[in-house]
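K.L.:
Quick check, what structure comes out for this input:
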Amino acid sequence: MKKITSKFFFRNCNKKTISNLVSGFTRLVDFGDSTSSRAKSASSKFTTGFTLVETMFAVFILTSTIVGLMTVVSNSLFAARYARDEITVNYLLQEVIDYIRNDRDTTVFLGNGETWDDFFSKYSTPCSLALGGCTIDVLNNTDPETCPYGQGCPYLYYDGYADTSSFYTTDDGINMNGENAKTKTKFRRKIVVVQNATNIDEIDVTVTVDWQNGGLPMTRSLKTSFMKWQ
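P.N.:
Take a look at the predicted model:
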């Protein structure tokens, strides 16, 4: 058998055969390029998304942010409610002090024969510390009443129809218009009246208001002294 050389091959191949060979080689190269391109495209699709760790980390950051904001809002609401209650409590404390002072001054200026001992007994007997203190209904202008033993002083009621007097009372009945418009509050007020330890002509009045602020027990007190006028 004769050995076929490249010169013999190209010399005996016509132009059409050579053209077909070149064209086939070109299509083979194009097929390889397109296959490589599709592989790269498919690979890029799998590398452009988020991994599970990245997703969990993003969820953790979002959750932490929301919890932080909710905590700030909750603290702000608690502080606003506390500030509102503090204003009401300061009013309730000062109200009783002014009521007793006005009672003393009225007794002095009217001169109805009431003595200092009478004034002291009026408050010290029902409002003694041993009996648990007393309550005064400023709205209805009543005498001091001893708080029920072991139960504490009663809750105050808010009267929205009170125009010229106190808005808070211990009476839960109907108002002057025959309407039950009084609302039970969360405040309880106790008054304790004792003789001063160093001066027998002086009495000490301590007013205490307690309430619940979001489940947290709160207490505020105000103390003042009244001197004998005779």
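K.L.:
Following element in sequence after whichever strand or helix holds Asp103, please.
P.N.:
Asp103 is part of helix 52-110 when elements are defined by DSSP states H and E. Following helix 52-110 in sequence order, the next helix or strand is helix 116-124 (DSSP H and E).
K.L.:
Which neighbouring elements make contact with that next one?
P.N.:
helix 52-110, strand 182-195, strand 202-213 (3 or more CB pairs under 8 Å, 6 or more residues apart in numbering; DSSP states H and E). All C-beta spots, glycine's among them, are computed from the backbone N, C-alpha and C.
K.L.:
Of those, which shows the lowest average pLDDT?
P.N.:
Of all the helices and strands packed on helix 116-124, the minimum mean pLDDT falls on helix 52-110 (a mean of 84).
K.L.:
chain center to it: distance?
P.N.:
In terms of CA atoms, centre = their mean, to the nearest Å, the centre of helix 52-110 is set 7 Å apart from its chain centre.
K.L.:
Determine the angle, from 0 to 180 degrees, between that helix and strand 202-213.
P.N.:
150 degrees (axes from the mean of the first three to the mean of the last three CA atoms, to 10 degrees).
K.L.:
let's number from 20 now, not from 1
P.N.:
Done: numbering now begins at 20, and the last item shifts to helix 71-129.
K.L.:
what angle sits between helix 71-129 and helix 135-143?
P.N.:
150 degrees.
K.L.:
re the thing from before, determine the set of other helices and strands touching the helix holding Asp122.
P.N.:
Packed against helix 71-129 by the contact rule (3+ CB pairs under 8 Å, 6+ apart) you find helix 135-143, strand 201-214, strand 221-232, strand 235-246.
K.L.:
Looking at these, spot the one closest to Val92.
P.N.:
strand 221-232 (17.0 Å; CB to CB).
K.L.:
Val157: which of the helices and strands packed on helix 71-129 is closest?
P.N.:
strand 201-214 (9.6 Å).
K.L.:
So what are the structural domains in the chain, by residue number?
P.N.:
25-60, 105-246 (automatic domain parsing).
K.L.:
most packed of the ones you listed?
P.N.:
When those are scored by mean count of other CB atoms under 10 Å, the highest mean neighbour count falls to domain 105-246 (a mean of 15).
K.L.:
how long is that one end to end?
P.N.:
End-to-end distance for domain 105-246: 29 Å, by CA to CA, to the nearest Å.
K.L.:
returning to what we had before: of all the helices and strands packed on helix 71-129, which lies closest to Leu158?
P.N.:
Comparing the helices and strands packed on helix 71-129 by CB to CB, strand 201-214 comes nearest, at 9.8 Å.
K.L.:
any idea how far Thr90 is from Ile80?
P.N.:
16 Å (CB to CB, to the nearest Å).
K.L.:
likewise Ile155?
P.N.:
41 Å.
K.L.:
likewise Asp229?
P.N.:
27 Å.
K.L.:
How about Ile119?
P.N.:
Applying CB to CB to Ile119 and Thr90 gives a distance of 44 Å.
K.L.:
distance between stretch 238-249 and the chain's centre?
P.N.:
The answer for stretch 238-249 is 34 Å, by CA atoms, centre = their mean.
K.L.:
I'd guess Cys146 is in a helix, am I close?
P.N.:
No - counting by DSSP: H, G, I helix; E, B strand; the rest coil, one finds Cys146 to be coil, located in no helix.
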